[in-house]
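Asks: My questions concern the predicted model and sequence given below.
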Amino acid sequence: MPAPRAPFDQGLFLTHFNKGKQHYEQRQFAEAERQLEEAYLLRPRDPQVLNLLGLVYFKQEKLEKAEEIYRKLAAESPEAPTLFYNLGLISFKLNRLEEAESAFLKALELAKDNAKINFYLGYVYERLHRFQDAIYQYRQAGASLMVRRVEDKLAAGAQSKPRTLRPPSAVAAPRLDDTAEFKKGELQAPSPDTTLVPGKEVRPVSDVLMADGAPPHAKSDTNKFRIPAQVLAARAGPAEAASHTLPPRRPHVFHSLGNNLVEVDFSGKVFIKQGTVYSYSGNLTFWVKDPRPGGHPALVIITGTGKLILTDKGREITFMQVDEETVYVEPSHLLACEETLTPRYLPLGDGHGLEILALEGRGMVALSVASKPISLTVTPAMPVSVPSPSVITWKGQLTAHVVDDRQLYEVVLRPGGPGALLRLEGTGRLLVEQAGS
C-alpha cells in the first residue's frame, strides 16, 4: 500500500473519496482503486476509505492487500461483524481454511443468528472433512440439502483428501465476492486480552479416569492452572501489533475423529464421564465428583488448557447443541459437555435411586449411544412410558414419574434387567435407544 502523505487537505480528500465511491458503484474498480488510494494518502486512518478500498482490492482479486486493510479495521473495530465476515471470505479464497473458520466464528459471535455465516462455516468444515461440524452449521443455516449431502459422505465412510467441493445444482454454492461494508457506528476501541499460564505440576491422573484399552502414560503432563496477578494487571499492546492476528474467539470444543472417538480441544473447563479418557495432553487438572447411586460413573471436572480423546466402550458418539434451554440427559449417556452447561443431578421418584442430569444454557453436548436413537413426541393426550435405561435425553415441558406396577414391569422390562419404567407427561420430545440396546 502507498505511504501516507501530508499535510491533509479536506477538500481534496473528499474529491478523491467521492470519485472512488462513484467508480466503485459503477464497477469501474481500477479507477476506483486509483482514486481511493489518493484519498488514503491524505487520510490513512479513515474507516470509510479503508473499507471501500478493501472491497475494491477484493473485487480485483488483490486478496493480500484486502486482507491487510481488513485486519487493520478489525483491530480498530473488534465489534464489527462484517469486518470478520470479509476476512473469512478472503481467507477462504486464499485456501487458509483454519483462518477462515476463526474469522467466520468471530463474525457469528458478534452477529448472533446469521444463516449466511453458518452456511460458509459449514462449507469450510466440509472441505476440512470435519463432517459433524459441517452438519451442525448447515442445519443452523437451514440448508437441508447440504446436510443430506454430508450425511451421505459419512455413511459412505468418505476419507479422501480435502478438495474443493461443488454442490449439486439444487444448492447455491457460496458466493466468494459476497463482501459487506460496515457502518461507521460499529467502530469501537479494542479491549485488553488476558493470558492464562500454567503453574506447578501435580501428580499423575488416576487410572480410574482412563477408558478400557487406553494407552498408559509414563508420566504426568498435567499442571495446576491459575492466572497470576501480574498477568491480570497487564494491559494490551499497541493496536498495530494486534492488527496481525484475529482477536480471540470461542472455538468449537468437540470434534469427531471417527471410530467412536471424539477429541475435546478446550481452554477453561469441561465435564466428562468417568472412565472414558483414551488419551490426554496439555496442562490439565482432574477433579472427580461424588460417586453416584447404583455404581454409575461419576462426572469428572477437567480444568486447564489441552486436548482429550474420549471413547465409551465402543458406543457411538453423537452431538447435540443446547440453545438457551433446559435439556435432561440420562447420566450414562452423557459423554461430555461444555462448561457453559454446568450439569446438576435431579432425583427421579423416591427411593428408586434414579437420577437425571439437567443441562441449562448454551453449548455443545457429546452423547454416547449403543444404537441409533429414536425420537418420540410427547403430548398431553399421548404420554410415553419407557424403560429408564433406554432414555437418552428429553426436553420441553415434560414431567417424569416412576411407574410402580410390578405386573407392568414383567411385561415391559427385561427379566433381571436394571432400571425402572418411566412415564413422561406434558409436551416435548424424547430421545431413546432402540429396543434391546
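Replies: That came in fine, so what should we check first?
Asks: what mean pLDDT would you report for stretch 87-103?
Replies: Confidence over stretch 87-103, taken as the mean pLDDT, stands at 91.
Asks: Repeat that for stretch 368-388.
Replies: For stretch 368-388, mean pLDDT rounds to 89.
Asks: any idea how far stretch 69-76 is from the chain center?
Replies: Distance, stretch centre to chain centre, for stretch 69-76: 24 Å (Cα atoms, centre = their mean, to the nearest Å).
Asks: So for the one helix or strand E263 maps to, what gets flagged as buried?
Replies: With the criterion set as DSSP states H and E, the secondary-structure element containing E263 is strand 261-273. When neighbours are counted by 16 or more other Cβ atoms under 10 Å, the buried residues of strand 261-273 are found to be L261, V262, E263, V264, F266, S267, K269, V270, F271, I272, K273. To be clear about C-beta, it is placed using only N, CA and C from the backbone, and glycine gets the same treatment.
Asks: how much space is there between the residue lying closest to T340 once chain neighbours are set aside and R34?
Replies: In space, not counting the residues next to it along the chain, T340 is nearest to G363; the distance is 4.0 Å by Cβ to Cβ, 6 or more residues apart in numbering. When Cβ to Cβ, to the nearest Å is the yardstick, G363 and R34 sit 49 Å from each other.
Asks: Show me which of these two is the more surrounded one.
Replies: Using other Cβ atoms under 10 Å as the criterion, G363 and R34 rank with G363 on top: 20 against 15.
Asks: so the more buried one makes contact with L341?
Replies: Yes. The pair G363 and L341 passes the contact test of Cβ atoms under 8 Å, sitting 4.3 Å apart.
Asks: Show me the common contact partners of the two, please.
Replies: Overlap of the contact sets of G363 and L341 (by Cβ atoms under 8 Å, 6 or more residues apart in numbering) consists of V322.
Asks: now the one helix or strand L346 maps to, how far from the centre of its chain.
Replies: Element membership of L346 [criterion: DSSP H and E] is strand 344-348. Put simply, strand 344-348 sits 27 Å off its chain's centre (Cα atoms, centre = their mean).
Asks: Okay, strands next: where are they in the chain?
Replies: In order along the chain, the chain carries the following strands (DSSP state E): 197-201, 223-226, 254-258, 261-273, 277-288, 299-310, 316-329, 334-338, 344-348, 354-369, 373-378, 384-387, 391-403, 421-433.
Asks: S279 and V264, how far apart?
Replies: Distance from S279 to V264, counting by Cβ to Cβ: 11 Å.
Asks: what is in contact with these two at once?
Replies: Taking Cβ under 8 Å, 6+ apart as the contact criterion, the residues that touch both S279 and V264 are L308, I309.
Asks: tell me the domain boundaries of the chain?
Replies: Each structural domain of the chain that the record assigns through automatic domain parsing is listed here as a residue range: 10-159, 371-437.
Asks: of all these, which lies closest to F319?
Replies: Closest approach to F319 among the domains of the chain is made by domain 10-159 (5.8 Å; Cβ to Cβ).
Asks: where exactly do the helices run in the protein?
Replies: For the chain, the helices defined by DSSP state H cover 10-25, 29-42, 47-59, 63-76, 81-93, 97-111, 115-127, 131-141, 144-156, 229-233, 239-242, 406-412.
Asks: can you put these in a markdown table and add distance to E425?
Replies: Written out in a markdown table, the entries for the helices of the chain read as follows (distance: least, Cβ to Cβ, whole Å):
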| stretch | distance to E425 |
| --- | --- |
| helix 10-25 | 61 |
| helix 29-42 | 64 |
| helix 47-59 | 56 |
| helix 63-76 | 51 |
| helix 81-93 | 43 |
| helix 97-111 | 37 |
| helix 115-127 | 35 |
| helix 131-141 | 29 |
| helix 144-156 | 32 |
| helix 229-233 | 50 |
| helix 239-242 | 55 |
| helix 406-412 | 16 |
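Asks: out of those helices, deepest packed?
Replies: Of all the helices of the chain, helix 81-93 carries the top mean neighbour count, a mean of 24, counting by mean count of other Cβ atoms under 10 Å.
Asks: which helices and strands does that helix pack with?
Replies: In this structure, helix 81-93 packs against helix 47-59, helix 63-76, helix 97-111, helix 115-127, with contacts taken as 3 or more Cβ pairs under 8 Å, 6 or more residues apart in numbering; DSSP states H and E.
Asks: let's go with 7 Å and repeat that
Replies: The contact analysis (3 or more Cβ pairs under 7 Å, 6 or more residues apart in numbering; DSSP states H and E) places helix 81-93 against helix 63-76, helix 97-111, helix 115-127.
Asks: Extract the residue ranges of this protein that are flagged as low pLDDT.
Replies: Judged against pLDDT under 70, the low-scoring parts of the chain cover residues 1-9, 158-210, 212-251, 294-295, 350-352, 405-419, 434-437.
Asks: before we move on, the earlier item: out of the strands of the chain, flag the one nearest E25.
Replies: Within the strands of the chain, the stretch nearest E25 is strand 316-329; the backing value is 39.5 Å (Cβ to Cβ).
Asks: Give the pairing partners of the closest one; include direction for each.
Replies: Each strand that pairs with strand 316-329, with its direction, by DSSP bridges: strand 354-369 (antiparallel), strand 391-403 (antiparallel).
Asks: buried set for the longest one?
Replies: Taking 16+ other Cβ under 10 Å as the neighbour-count basis, strand 354-369 is seen to contain the buried residues 354-357, 359, 361, 363-369.
Asks: Next one: the spatially most central residue of the chain from G157, what distance?
Replies: Of all residues in the chain, the one closest to the mean position by Cα atoms, centre = their mean is H252, 3.0 Å from it. Applying Cβ to Cβ, the value for H252 to G157 is 22 Å.
Asks: Report the beta-bridge partners for the spatially closest residue to K395 that is not a sequence neighbour.
Replies: The spatial neighbour of K395 that comes closest, neighbours along the chain excluded (Cβ to Cβ, 6+ apart), is V327 at 4.6 Å. Beta bridges link V327 to L359, K395 when assigned by DSSP bridges.
Asks: related to what we said a few turns ago, which of the domains of the chain sits closest to P347?
Replies: Checked against Cβ to Cβ, the stretch from those lying closest is domain 371-437, at 9.9 Å.
Asks: re the thing from before, out of the helices of the chain, which is closest to D290?
Replies: Per Cβ to Cβ, nearest to D290 of the helices of the chain: helix 406-412, 29.3 Å.
Asks: returning to that earlier point: closest one of the buried residues of strand 261-273 to F84?
Replies: Looking at the buried residues of strand 261-273 and their distance to F84, the nearest is S267, at 20.2 Å (Cβ to Cβ).
Asks: what's the spacing between the closest one and P343?
Replies: With distances defined as Cβ to Cβ, the gap from S267 to P343 amounts to 20 Å.
Asks: show me the contacts for the closest residue to A115 other than its chain neighbours.
Replies: Using Cβ to Cβ, 6+ apart and skipping residues adjacent in sequence, the residue nearest A115 is A141, 4.4 Å away. By Cβ atoms under 7 Å, 6 or more residues apart in numbering, the contact set of A141 is A115, N118, F119, G122.
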